[in-house]
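Trainee: just a sequence and a predicted model for now, questions to come.
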Amino acid sequence: MVNQRLLQSMARRHGTPLFVVDHKVLRANYARFKKYLPRVQAYYAVKANPDPAIVKTLYEAGASFDVASMPEFDIVHENIKDLPAKQRQDWIWDKIIYANPIKANETLEQLDQYKPLVTYDNIEEVRKVRKYAPHAGLALRIKVPNTGAMVELSSKFGAAPGEAVDLIAAAFDAGLVVEGLSFHVGSQTTNFENYVQALQLAASIFHEAWDRGWPQVKILDIGGGFPAPYDAHVKPFRDLARKLNSEFDRLFPKEMEILAEPGRFMVATAATLVAKVIGKAVRDGKTCYYIDDGVYHTYSGIIFDHLKYHVKAFKKGLTKISAVFGPTCDALDTISLAEDLPDLELGDLVYSENIGAYSQASSTWFNGFPPAKVIHINQ
Ligand SMILES: *Cc1c(COP(=O)(O)O)cnc(C)c1O
């Protein structure tokens, strides 16, 4: 965690709300992922936090990238645009997956020149890719159980395992190449069995594909979902990694190419938000604090990511249960109805840790309040 005195002095210097990104933590998270899952190449899911400086640090650390729109593609591409054309193409082949199973025709037309790996999960998409991006490689996204994930991702995407082989055949029949399978077990997955079940489903589809004479299907993309340690209840990543490694060895040949798309895992713990108390009232006997950031801004994860963030004070003192609201006029802009806080005064600073993922990325300008200012440290 960033030292408290530094956070306060930065907030005084730059103003609030201030979103502080610690690049040392980004590098440590990436290194941890590689250390515990040595067979897996990490494709950072840019949607968790698309800040170009974050992408750059992970790029320099050796990460690959999962993008889901042309603007996200461009953020990653910016880091390699000075490479010679051949190296640039090799890098894109190796290090970018366009992991949105649904792509507009115009997007496919733009992507085609890069010959990227793209995911799909339905027959209409096969027709679109054949017509608009015939040079793309394909990965079939399959539907897997999302039980116990904080954010469920299986109702919108994923071919039923029973349709998988037909969809692979349809793509080969269309003259395209299916290079692999992908899935997503749901974000912030604490039920590690989801991964085990997904790997078993994938393994049976791979074996059927190989039996059909399609050895080209050889990339296993295990998606995202790796839990960030928001609190002490989250089981250690090490335990999940151990389980994954033993399933890889049990289910797949050594030469299998395995990749993952961690988003939250890389960035959640790398950012801290500092905000300021701008109002205070006692309502129904409870102290209510109004701060200059809220759910339309950096705390947007409360709505979109189904996450709770604790608001902490730098000040010490006897605490009581208080409510914390954001600055807009909407009652939805409620950060917490029960935070343990000391008696705060207007102008006092508060902070929330582990707020790097799905936070600033979905911040709006609602009610005229701009997103928090971003500061990068240890870059
Ligand atoms: C959102 C998303 C990710 C990242 O998920 P995390 O749970 O943040 O790791 C990875 N892959 C796809 C396809 C996604 O939609």
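Mentor: Nice, thanks for sending it over.
Trainee: contact partners of stretch 18-26?
Mentor: Stretch 18-26 is contacted from outside by 2, 7, 10-11, 51, 53-54, 57-58, 61, 266-267, 269-275, 298, 355-356, 359-360, 372-379, using CB atoms under 8 Å, 6 or more residues apart in numbering. No exception for glycine: its C-beta is placed from N, CA and C like everyone else's.
Trainee: where exactly do the strands run in the stretch 251-379 of the chain?
Mentor: Using DSSP state E, counting those that start in this stretch, the strands found in the stretch 251-379 of the chain span residues 257-260, 271-283, 286-291, 312-313, 319-325, 334-342, 349-352, 373-377.
Trainee: can you put those in JSON lines and add distance to Y43?
Mentor: Shown next, in JSON lines, are the strands of the stretch 251-379 of the chain (distance: least, CB to CB, whole Å):
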{"stretch": "strand 257-260", "distance to Y43": "6"}
{"stretch": "strand 271-283", "distance to Y43": "20"}
{"stretch": "strand 286-291", "distance to Y43": "35"}
{"stretch": "strand 312-313", "distance to Y43": "33"}
{"stretch": "strand 319-325", "distance to Y43": "36"}
{"stretch": "strand 334-342", "distance to Y43": "32"}
{"stretch": "strand 349-352", "distance to Y43": "28"}
{"stretch": "strand 373-377", "distance to Y43": "22"}
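Trainee: out of these, which is closest to A160?
Mentor: Proximity to A160, assessed across the strands of the stretch 251-379 of the chain by CB to CB, is greatest for strand 257-260 (22.6 Å).
Trainee: quick one: contacts for S336?
Mentor: Going by CB under 8 Å, 6+ apart, S336 touches 308-311, 323-324.
Trainee: just the buried residues of these.
Mentor: Restricting those to buried positions leaves 309-311, 323-324, with burial counted as 16 or more other CB atoms under 10 Å.
Trainee: closest to I80 among those residues?
Mentor: Nearest member of the buried ones among the contacts of S336 to I80, counting by CB to CB, is Y309, at 34.5 Å.
Trainee: for that closest one, give me its contacts.
Mentor: 299, 301-302, 335-336, 352, 354-355.
Trainee: got it, and G263?
Mentor: Contacts of G263 (CB under 8 Å, 6+ apart): 44-49, 66, 187, 224, 357-358.
Trainee: next, I96: phi, psi?
Mentor: Dihedral pair for I96: phi -130, psi 130, per degrees, to the nearest 10.
Trainee: ok, so of the contacts of S336, who is nearest V282?
Mentor: Among the contacts of S336, A323 lies closest to V282 (CB to CB), at 10.2 Å.
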